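Undergrad: only geometry, no sequence info:
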């Protein structure tokens, strides 16, 4: 299968797109014919979760061989639930819990798979050099990528996270990571600074013959493709419950920052899955809400640090892929919009294009006060404990249904365990908050009786290994040193 850059006519096959991550012109790789080829989505729904993943990935990445075995290696024994992402009734809605993997966040679904895909691609192409995986994280991607790539032969991984921009638990998950091929570094700045630095490193270092660069962020199609599976899992579970009939539309509410998680739902819809509307739920950094409502994407605003840090993003990279499809493959239009975003900080989309996008997407935002209120409200009404990101989605779901005067069967995507943000959850539930984050976990367990995930409980005694902190303009230099095996 050929993948094309969003910004030009540059094309490459799916195996090379997976390995390079980012196109040479700075664009993202897309399948320009997504949905035009035959894909039996009905058959996919009849399969168990691992079978669904295999079928979807064979369709999206047909150049990768032995996909069934790669999927088995990625998921077997690593998730606490056989269905990977269980669907749980909560009040009148359904919650798709994406946090039952090895790092208790939704990124595990994709980042358990990506190392298997990259290793297979390297083998098929006969690559002998080391592949350097560059990753920027707003909280969850970092640890999930580290968990997937640590000590994987032929790879080295570098993760950048914003200093003071992730939760205490998220930070400790990353800085305690062991592995001979691992580097983790805090950046004095926010996630957008980290993401911008990683993209600059790609452009500056791509021509070096001794470096093979790739990414674990959702700019990599191999990271994005596995995320489609849980939309199919949710739909199949609703069928199994008798809640819907085959062909009924289902709406999905997705807390999103970099737009990858919700874009996977759009891709599933293009493959035929009966997705109704995709509700984009933003926190106080409401750049996506404003875009869908006004047609203007404007990052020229104050950056807000919130209790849902994985969504503290002002430049949502995967929106570029949606623009490619919205502009019917007009790469000049996409490139012009991205240039304006880089140089002027904003771009506008034609009203007719936005009207078409609003057929598929709705958008709502949630303040910090509303996030805390929603955590408490959901617990009091339904006895369900959710993390701040999921609370943002619950709030958006409530507003969406009220504004629409009702909605199709609705699935709220829950992206992280509440134990990753125990202090904020306790505070929102009106409880006293111990100073130590592990005492906070214990207090939340005492209240909720939900087991503390073993991977988080083990952090209590883990040694902090990665203590580097750099300015944002030092990211390229740090990457070059890491490529030599120097972690400083």
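TA: Alright, I've got the coordinates. What you are looking at is a predicted structure, and each value in this text was computed from that prediction instead of being measured.

Undergrad: My guess is residue 422 contacts residue 441. True?
TA: Yes. Here residue 422 reaches residue 441: they are 4.8 Å apart, a contact under CB atoms under 8 Å. Bear in mind the C-beta positions are built from the backbone N, C-alpha and C, glycine included.

Undergrad: which neighbours do these two share?
TA: Residues touching both residue 422 and residue 441 by CB atoms under 8 Å, 6 or more residues apart in numbering: none at all.

Undergrad: Next, the contact list for residue 60, please.
TA: Listed by CB under 8 Å, 6+ apart, the contact set of residue 60 reads 1, 14, 31, 221, 225, 228.

Undergrad: so where do the helices sit in the stretch 51-200 of the chain?
TA: Applying DSSP state H, counting those that start in this stretch to the stretch 51-200 of the chain gives helices spanning 67-75, 107-111, 114-125, 141-149, 168-175, 191-205.

Undergrad: Deepest-packed of those, please.
TA: helix 107-111 (a mean of 30; mean count of other CB atoms under 10 Å).

Undergrad: follow-up on the earlier one: and of the helices of the stretch 51-200 of the chain, who's closest to residue 158?
TA: Shortest distance between residue 158 and these, using CB to CB, is found for helix 191-205: 8.6 Å.

Undergrad: Could you list every helix and strand that that closest one packs against?
TA: strand 131-136, strand 155-162, strand 182-188, strand 212-215, helix 475-483 (3 or more CB pairs under 8 Å, 6 or more residues apart in numbering; DSSP states H and E).

Undergrad: who wins for proximity to residue 117 among these?
TA: Among these, the nearest to residue 117 by CB to CB is strand 212-215 (10.2 Å).

Undergrad: contacting residues around the longest helix along the chain?
TA: In the chain, assigned by DSSP state H, the helix with the most residues is helix 388-404. Residues from elsewhere that reach helix 388-404, judged by CB under 8 Å, 6+ apart: 93, 95, 251, 253-255, 277, 279-283, 306-308, 310-311, 362, 364-366, 370-372, 374-375, 378, 386, 407, 410, 412-416, 421, 424-425, 428.

Undergrad: Just the buried residues of that helix, please?
TA: 388-401 (16 or more other CB atoms under 10 Å).

Undergrad: Among those, which one lies nearest to residue 108?
TA: Using CB to CB, these come closest to residue 108 at residue 389, 14.6 Å.

Undergrad: separation between the closest one and residue 366?
TA: 10 Å (CB to CB, to the nearest Å).

Undergrad: Need the residues touching each of the two.
TA: residue 283.

Undergrad: Ok, which of the helices and strands packed on helix 191-205 comes nearest residue 437?
TA: Comparing these by their distance to residue 437 (CB to CB), the top pick is strand 155-162, with 16.5 Å.

Undergrad: Residue 425 is in what secondary structure piece?
TA: helix 422-428 (DSSP states H and E).

Undergrad: Heading C-terminal from that helix, find the next helix or strand.
TA: helix 437-448.

Undergrad: Report the buried residues of the next helix or strand after that following helix.
TA: Using DSSP H and E, the helix or strand that directly follows helix 437-448 along the chain is helix 454-457. Under the neighbour-count criterion of 16+ other CB under 10 Å, helix 454-457 has 455-456 buried.

Undergrad: check contacts around residue 34.
TA: Taking CB under 8 Å, 6+ apart as the contact definition, residue 34 lies against 267, 270-271, 325.

Undergrad: Considering the contacts of residue 60, which possesses the most neighbours?
TA: Ranked by the number of neighbours (other CB atoms under 10 Å), the contacts of residue 60 place residue 228 first, at 28 neighbours.

Undergrad: can you list the weak-confidence ranges in this structure?
TA: Scanning the chain for pLDDT under 70 picks out 209-210, 485-488.

Undergrad: Using the centroid of it, identify the residue furthest from it.
TA: Distance from the C-alpha centroid of the chain, by CA atoms, centre = their mean, peaks at residue 432 (31.7 Å).

Undergrad: Wait, it touches residue 426, no?
TA: Yes. With contact defined as CB under 8 Å, residue 432 reaches residue 426; the gap is 7.4 Å.

Undergrad: hey, what's in contact with both of those two?
TA: Shared contacts of residue 432 and residue 426 (CB under 8 Å, 6+ apart): residue 443.

Undergrad: So for residue 263, what's the nearest residue that isn't a sequence neighbour?
TA: Once flanking residues are discounted, residue 263 sits nearest to residue 318: 4.7 Å by CB to CB, 6 or more residues apart in numbering.

Undergrad: What is the burial count for the one you found?
TA: When neighbours are counted by other CB under 10 Å, residue 318 registers 22.

Undergrad: Please look at it and residue 224 and confirm they touch.
TA: Yes. Applying CB under 8 Å, one finds residue 318 in contact with residue 224, separated by 7.3 Å.

Undergrad: Residue 291 contacts residue 358, correct?
TA: No. Assessed by CB under 8 Å, residue 291 is found out of contact with residue 358, at 10.9 Å.

Undergrad: who has more neighbours, the two?
TA: Counted by other CB under 10 Å, residue 291 and residue 358 do not tie: residue 291 has more neighbours, with 25 against 14.
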